[in-house]
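Student: Here is a sequence with its predicted model. Questions after.
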Amino acid sequence: MPKVSTFWVTIIAGSVATIAGLFPAFAMKLLGFVALYGFILAPFGAIIVFEHFFHKQAGIVKNYAEVANLKFNRAVFFAWAISFGLFYFISVQYDVFLSFVTLPAWLLCGVLFLVFSKWIQKS
């Protein structure tokens, strides 16, 4: 594959994005996709932030899955699944755009992660 300069990659990507932006129907579909993608991924960021800043106050072991050599962290899964499920339901039921429920889902996921981590690490 030939090496292309950063300049030309930027020009081509910018041109494609500009042309795509000229078609509102396409842009709105893309907006919905990006909102869903962000809504799915944002709670994982909450887990990282909450564990880093609040692990001492919550009394949990930082990087517990690594320390305990776990391949699957149930605290992460349940915190994500509950926050995702609850706020996705709210979004669908009340016709709220996903971007508006991403922050509450993020906060709930972080708090649930601390609670579930405390509970799982106790046992």
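Tutor: Nice, I can see it. Numbering: from 1, shown residues only.

Student: where do the helices sit along this protein?
Tutor: 6-21, 24-58, 64-67, 74-93, 98-122 (DSSP state H).

Student: could you redo the ones you listed as JSON lines and give each row mean neighbour count and mean pLDDT?
Tutor: Every C-beta, even on glycine, is put in place using the N, C-alpha and C of the backbone. JSON lines is the format used below for the helices of the chain (neighbours: other CB atoms under 10 Å; pLDDT from 0 to 100):
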{"stretch": "helix 6-21", "mean neighbour count": "10", "mean pLDDT": "93"}
{"stretch": "helix 24-58", "mean neighbour count": "14", "mean pLDDT": "93"}
{"stretch": "helix 64-67", "mean neighbour count": "13", "mean pLDDT": "95"}
{"stretch": "helix 74-93", "mean neighbour count": "17", "mean pLDDT": "98"}
{"stretch": "helix 98-122", "mean neighbour count": "18", "mean pLDDT": "97"}
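
Student: quick one, what contacts Phe84?
Tutor: The contact partners of Phe84, taken as CB atoms under 8 Å, 6 or more residues apart in numbering, are 39-40, 43, 105, 109.

Student: Could you export stretch 4-13 as CSV, CA atoms only?
Tutor: Backbone C-alpha positions of stretch 4-13 (Å, rounded to 0.1, in the frame of the first residue of the first chain) are rendered in CSV as follows:
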residue,chain,number,x,y,z
VAL,A,4,0.0,8.9,1.7
SER,A,5,0.9,12.1,3.5
THR,A,6,-1.1,13.4,6.4
PHE,A,7,-2.0,16.4,4.4
TRP,A,8,-3.7,14.4,1.7
VAL,A,9,-5.5,12.1,4.1
THR,A,10,-6.8,15.2,5.9
ILE,A,11,-8.0,16.8,2.6
ILE,A,12,-9.7,13.6,1.5
ALA,A,13,-11.4,12.9,4.8
